[in-house]
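Participant: 3D, please:
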Amino acid sequence: MRLNTILIVAAMASTTVWSQSSATQEPPNREGYEAQVIHVKTLTGDSFNRLRDMLTVFNIRITGDANLRTIVVYGPKDVVTQVEKVVAELDTPGSEAAIGRNIEMTLTLLRCSQKPASDTKLPADMEPVAKQLRAATQYKDIQLWDTIPLRLQEGKDATETMQLPSPTGTVNQPTTLSLWFNPEAVTLKGNKWSVRFRRASMDFSIPIVTGTFKDGSA
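Facilitator: Residues are numbered from 1 along each chain as shown. Modelled structure (predicted):
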């Protein structure tokens with residue numbers, strides 16, 4: 001009971017101080033202020049964030065949501081009108097805000113199976129990956145399938161379809177790979193660059209050979 005009483009007194013004292021403080025302050029003059037919702041049509045991801053950051057020079061209240069691609073501004077009507085004009089000018093392909101960073105990446109594909117491990121050597125940087133796969137799965141034989149260089153641009157879709165080489169000693173039936181990437185933002189974390197993807201998908205079309213060939217192989 002004593003602890004509850006102390007808490008109640010503290011709350012009452014806090015309320016009294018707030019009331020006295022508010023009574024001595026004059027409310028800010030908001031005459032002529034307005035709120036405006038601005039829909040961003042072109043810029044996404046980090047490009048959207050760059051646009052929002054540029055608008056802080058107007059020194060008014062600005063909030064934005066990259067997922068909704070919406071900016072809300074609150075301030076004097078004439079300043080809000082200027083903000084709308086700037087957004088309309090920058091919300092276009094090729095503008096200062098829209099120019100995204102170029103990204104060069106390498107996509108390494110590994111082929112995994114449960115047959116006994118072969119003597120095929122992997123690139124040095126892939127050995128730790130293969131070790132983790134063997135420990136976490138039933139795959140024992142892990143071989144390099146292909147290495148694909150990627151050149152992407154921040155905020156833009158990139159699609160590509162290609163054929164992957166057939167495994168050694170198999171019928172020449174190449175696998176078709178379709179890639180679709182959309183790098184949303186590129187950020188520097190410490191001394192390393194990090195890429196956040198809005199979408200990263202790979203679709204494989206792998207032929208399955210059935211039946212018997214003339215030489216008796218299946």
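Participant: Show me the helices in the protein, by range?
Facilitator: 2-24, 45-54, 77-90, 127-136 (DSSP state H).
Participant: How far off centre is the last one?
Facilitator: The one in question is helix 127-136. From the chain centre to the centre of helix 127-136 is a distance of 27 Å (CA atoms, centre = their mean, to the nearest Å).
Participant: which secondary structure elements does that helix contact?
Facilitator: Applying 3 or more CB pairs under 8 Å, 6 or more residues apart in numbering; DSSP states H and E, one finds that helix 127-136 contacts strand 102-113, strand 141-153. Just so you know, the C-beta spots here come from the backbone N, C-alpha and C atoms, and that holds for glycine as well.
Participant: Apply 6 Å and report the result again.
Facilitator: For helix 127-136, there is no helix or strand it packs on, judged by 3 or more CB pairs under 6 Å, 6 or more residues apart in numbering; DSSP states H and E.
Participant: quick one: that helix to strand 102-113, angle?
Facilitator: Orientation check (axes from the mean of the first three to the mean of the last three CA atoms, to 10 degrees): helix 127-136 against strand 102-113 gives 40 degrees.
Participant: And for the second one?
Facilitator: Between the direction of helix 45-54 and that of strand 102-113, the angle (the same axes, to 10 degrees) works out to 150 degrees.
Participant: if we can go back for a sec, least reliable of the helices of the chain by average pLDDT, please.
Facilitator: Note on these: helix 2-24 shows the lowest mean pLDDT, a mean of 38.
Participant: List every C-alpha atom in stretch 84-91, with coordinates, as CSV.
Facilitator: Output of stretch 84-91 as CSV, limited to C-alpha atoms (Å, rounded to 0.1, in the frame of the first residue of the first chain):
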residue,chain,number,x,y,z
GLU,A,84,5.4,19.3,-54.5
LYS,A,85,7.2,20.9,-57.4
VAL,A,86,10.5,19.4,-56.3
VAL,A,87,9.1,15.9,-55.9
ALA,A,88,7.5,16.2,-59.4
GLU,A,89,10.9,17.2,-60.8
LEU,A,90,12.9,14.5,-59.1
ASP,A,91,10.4,11.7,-59.3
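Participant: how about it: buried residues?
Facilitator: By neighbour count on 16 or more other CB atoms under 10 Å, the buried set for stretch 84-91 is 86, 87, 90, 91.
Participant: again, but for stretch 45-64
Facilitator: 45, 46, 47, 48, 50, 51, 52, 55, 58, 60, 62, 64.
Participant: Which residue comes closest to the second one once chain neighbours are left out?
Facilitator: In other words, residue 46. Nearest residue to residue 46, sequence neighbours excluded (CB to CB, 6 or more residues apart in numbering): residue 185, at 3.8 Å.
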